[in-house]
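> Pasting the sequence and the predicted model now:
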Amino acid sequence: MPVLSSQQTHEGAPEVLLVVQHDTDKDQGAVVQSVLNLPGVALTPAGRHARIIVLDALRFLGFGPCTGEALQDLAGMLYPVPDAQ
């Protein structure tokens, strides 16, 4: 897996960052904060708006019978439906 420099991360200007978490007992807020502390991440649109989605590695990378449901959940996280007024 290629490693991005802080400059490449900033220049890529991601709107959302997907992070895979193997330890599901760890607080997701702590994972998000550790990603924001990486060089260059806080300067991206994703970092400025804290659009970091933490995914359960087994659920999203396991490719089992729940893969479709996991992808639907991810789509909902990427494109949330605004609350109806």
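Looks like it arrived, so ask away.

> where in this structure is pLDDT low?
1-2, 24, 84-85 (pLDDT under 70).

> Which residue ranges of it form strands?
Ranges of strands in the chain, per DSSP state E, are 17-21, 52-56.

> Which one of those strands lies nearest to Pro39?
strand 17-21 (13.7 Å; CB to CB). From N, CA and C alone the C-beta is placed, and that goes for glycine too.

> check contacts around Val19.
By CB atoms under 8 Å, 6 or more residues apart in numbering, Val19 lies in contact with 31-32, 35, 52-55.

> and with 6 Å instead?
With contact taken as CB atoms under 6 Å, 6 or more residues apart in numbering, Val19 is in contact with 35, 54.

> got the end-to-end distance for stretch 28-45?
Stretch 28-45 has its terminal residues 20 Å apart, counting by CA to CA, to the nearest Å.

> who's in contact with that stretch?
Residues outside stretch 28-45 that contact it (CB under 6 Å, 6+ apart): 6, 9-10, 13-15, 19, 21, 47, 52, 54.

> between the single longest helix found in the chain and strand 17-21, how many degrees?
Counting residues, the longest helix in the chain under DSSP state H turns out to be helix 67-78. Counting by axes from the mean of the first three to the mean of the last three CA atoms, to 10 degrees, helix 67-78 lies at 130 degrees to strand 17-21.

> for the strands of the chain, which one sits closest to Gln72?
strand 52-56 (13.3 Å).

> Packing partners of the closest one?
strand 17-21, helix 28-36 (3 or more CB pairs under 6 Å, 6 or more residues apart in numbering; DSSP states H and E).

> Dump those into a markdown table; add distance to Arg59 as well.
Formatted as a markdown table, the helices and strands packed on strand 52-56 follow (distance: least, CB to CB, whole Å):
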| stretch | distance to Arg59 |
| --- | --- |
| strand 17-21 | 10 |
| helix 28-36 | 14 |
